[in-house]
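>>> Sequence and predicted structure below; questions after.
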Amino acid sequence: MVLCPVIRKLVGKRVVLASASPRRQEILNSAGLRFEVVPSRFKETLDKAAFSTPYEYALETAKQKALEVANRMNKKDFRSPDVVIGADTIVSVDGQILEKPADKQHAYSMLSRLNGKEHSVFTGVAIVLCSTKDKQLETEVFEFYEETKVKFSDLSEELLWEYIHSGEPMDKAGGYGIQSLGGMLVEYVHGDFLNVVGFPLNHFCKKLVELYYPPSKDAIHHVKHDSVPSVETFEVLSDEESGSSNSTQQNVTSMLKGESAFSCGDPGSLRKKEVAQHVSGEPMANCSENVENQAPFPTILIELLDGFKASKAMFVACKLKVFDLLKGKDILKAKDVAAHINASVCGIERLLDACTALELLNKTNEGYSNTELANKFLVSDSEYSLHGFIIHANDYVWQFFTHLESAVKEGTNQNHQIFEKKAQNLFQDTFYHSRETKLRFMNAMHCIIKVTARDVATAFDLSGFRSACDLGGCTGALAHVLVQEYPDLHVTVFELPDVIENISCFQPLGQGSSRITFTPGDFFKDNIPKADLYILSRILHDWSDDKIDILLSKISDTCKPGSGLLLAEMVLDKKRRHGRSAWLQSLNMLVQTEGKERSCFEYRCLLERHGFRNVQIVQTGNWLDAILCTKC
Ligand SMILES: O=c1[nH]cc([C@@H]2O[C@H](COP(=O)(O)OP(=O)(O)OP(=O)(O)O)[C@@H](O)[C@H]2O)c(=O)[nH]1
């Protein structure tokens, strides 16, 4: 929650972590950042003697790691990421730089050097902002480093060797992992612990604040507190136009300094106190007294209470095609928007202001314009538009959620409430009961597949397969990405005849479409085409275990040993802090379908009982995770 406002600035951007370090991935994952992992191939062989300080070496290495990935990705598909993050962690002791040990003897010499002494751990971080001009990559590099001092106790030779034999030192700078067994070697740590583990998260967030909320000089005041050091803060109520982003910045800045922006009761009262203080120059002496007397402000609950209003505001703005009207660089006043979409000026003004607060629109004196996020995802004809999915959520899913209480009590979907009869055939009787509902559903699925397909297609190396069959592959959006990624692959999309009839509305004339075939059929009733690789993308979550058994046994009987089965689903994982989408989606499955979302363990059990082994999962960081297994 605390880091949400800054991290949210990266939502909608293609963020890449140029690092193979599982620790870095975990630190950024837990902060709620969504990113792809593309390990850098940069060889860490810069001449250390050429750098006057150890941190300059770490900074340069971090930068080279990130630039190598940005260049490679741009060359590969002329689609550079928006942001690439590179990092390098080193240990510095007695003027020497230690990296990862090459072998056990090397680990021993490193740990002996650290024994009983204080050393510094430096992590250099490079944030590379990328753009492309005429297919050429353009980059802007922002870098910083963090130093943490660590002291080792006096350790016996025996303990050092026991530690080395644990295998832990080998992929760690300085030959120890402070987060695991290596923690036992450490007497004290001065500074950021996560910096030692491989990524200085706190400094990273401060850097994002600098990048995404640059303060204008005269907006910064140094506020004196009685017992805490001086804190930078931002005048918030002075300028109504920019109120929303400034207040976010103020919260972020305070929170990163270890304060709760809402600690004095409701947020409004705190802001007023701060502004009053700027005017009077008086310290905020009473603030800490109040904290003890007042209940903490339940920010998370307020967010949840407001959640449905925020969703509906976005849905209605999409439905009224507000973002289409403001697409590109258009700036319009509320009255012009109202005139275009034939709505009341006062109503539109409220809607546009709410969308501005939700960071979907920008507002200036000239009027309203789309944010980058809206241009990319909310305009109905943008490449990665979610418009169709949002319309489906507004026109269809919303109604189902009004019956959530009954669904929870009855433990079953609410089709009988919406359609006034129980659905005999889930898809035919619900999503496909008219041409209009069918196209709306197909459009929704098309949107999701488009934004997830590349991550699903590249989660595993599928180049060993020559033929694939995407069962229930809808509009073929995943098939199109698969044939682009794998030049030797032919894909059959096996879908209901009703769906295939309408696919022409969604066909991009993309490269490689001659390698895609659409075959009509029902995977529960008809024979399925032969293939080396079967794909079930967002299929299993619609069905009960019994129905899944029927489908998996059919696939298992059709495919040869060595064939693959790729699933794309939202996998439930309690450990993932940002995994709430999957849990909410499971409720969605309850109100609408016969199925549910499942954990990796549940998928593994289902797959293994039909002879699929070597079940591997990749959490793509995107909406859908990928699971690959092999038929034995
Ligand atoms: O206490 C700990 N200290 C260090 C680590 C881990 O050590 C490595 C440092 O290596 P480097 O920065 O070169 O990163 P790599 O793992 O090689 O990945 P790249 O692909 O980014 O080069 C790093 O993984 C730290 O996490 C530790 O775990 N504990």
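Nice, I can see it.
>>> What is the subsequent helix or strand relative to the helix or strand containing residue 352?
Secondary-structure assignment from DSSP states H and E places residue 352 in helix 345-357. Reading on from helix 345-357 to the C-terminus, the next helix or strand found by DSSP H and E is strand 361-364.
>>> distance between the helix holding residue 352 and the chain's centre?
Relative to its chain's centre, helix 345-357 lies at 28 Å (CA atoms, centre = their mean, to the nearest Å).
>>> If you count neighbours, what's buried in it?
When neighbours are counted by 16 or more other CB atoms under 10 Å, the buried residues of helix 345-357 are found to be 348-349, 351-357. Quick note: C-beta positions are derived from backbone N, CA and C, even for glycine.
>>> tell me what that helix is packed against?
The contact analysis (3 or more CB pairs under 8 Å, 6 or more residues apart in numbering; DSSP states H and E) places helix 345-357 against helix 299-319, helix 322-325, helix 334-341, strand 361-364, strand 367-370.
>>> switch the cut-off to 6 Å
Under the contact criterion of 3 or more CB pairs under 6 Å, 6 or more residues apart in numbering; DSSP states H and E, helix 345-357 touches helix 299-319, helix 334-341, strand 361-364.
>>> now what about the second one, what contacts it?
With contact meaning CB atoms under 6 Å, 6 or more residues apart in numbering, helix 334-341 is reached by 320, 325, 345, 348-349, 352.
>>> rerun that using 10 Å as the cut-off
Counting contacts by CB atoms under 10 Å, 6 or more residues apart in numbering, the residues outside helix 334-341 that touch it are 317, 319-322, 324-326, 330, 332-333, 343-353, 363, 367-368.
>>> Now do that helix: distance to the chain's middle.
34 Å.
>>> Then the first one?
The chain centroid and the centroid of helix 299-319 are separated by 20 Å under CA atoms, centre = their mean.
>>> what angle separates that helix from helix 345-357?
In this structure, helix 299-319 runs at an angle of 130 degrees to helix 345-357, with axes from the mean of the first three to the mean of the last three CA atoms, to 10 degrees as the basis.
>>> State the mean pLDDT of helix 299-319.
Per-region confidence: helix 299-319 scores 93 on mean pLDDT.
>>> where does this protein come near the ligand, residue by residue?
By CB under 6 Å from any ligand atom, the part of the chain that sits against the ligand consists of 19-21, 23-24, 39-40, 44, 65, 87-89, 100, 171-173, 176-179, 182, 196-198.
>>> Helix or strand: which one has residue 202?
For residue 202, the host element (DSSP H and E) is helix 201-212.
>>> if we can go back for a sec, so what touches the helix holding residue 352?
Under the criterion CB under 10 Å, 6+ apart, residues 241, 243-245, 247, 309-310, 312-314, 316-317, 320, 322-323, 326, 332-341, 343-344, 360-363, 367-371, 374, 378 lie in contact with helix 345-357.
>>> Columns pLDDT on top of the buried residues of helix 345-357, output as JSON lines?
Output for the buried residues of helix 345-357, formatted as JSON lines (pLDDT from 0 to 100):
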{"residue": "348", "pLDDT": "98"}
{"residue": "349", "pLDDT": "98"}
{"residue": "351", "pLDDT": "98"}
{"residue": "352", "pLDDT": "98"}
{"residue": "353", "pLDDT": "97"}
{"residue": "354", "pLDDT": "97"}
{"residue": "355", "pLDDT": "97"}
{"residue": "356", "pLDDT": "95"}
{"residue": "357", "pLDDT": "94"}
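>>> Residue 517: which of the residues you listed is nearest?
Nearest to residue 517 among the buried residues of helix 345-357: residue 355, at 42.4 Å, using CB to CB.
>>> number of nearby residues for the closest residue to residue 623 other than its chain neighbours?
The spatially closest residue to residue 623, leaving aside those adjacent along the chain, is residue 452, at 5.0 Å (CB to CB, 6 or more residues apart in numbering). Taking other CB atoms under 10 Å as the neighbour definition, residue 452 ends up with a count of 23.
>>> Show the model's pLDDT score for residue 452.
Looking at residue 452, its pLDDT stands at 94.
>>> wait, isn't it in contact with residue 446?
No: the pair residue 452 / residue 446 is not scored as a contact, 11.3 Å apart, by CB atoms under 10 Å.
>>> Okay, strands next: where are they in the stretch 51-200 of the chain?
Listed in chain order, the strands of the stretch 51-200 of the chain (DSSP state E, counting those that start in this stretch) span residues 83-93, 96-98, 118-133, 136-152, 186-190.
>>> out of these, which comes closest to residue 76?
Closest to residue 76 of the strands of the stretch 51-200 of the chain, according to CB to CB: strand 136-152, at 11.3 Å.
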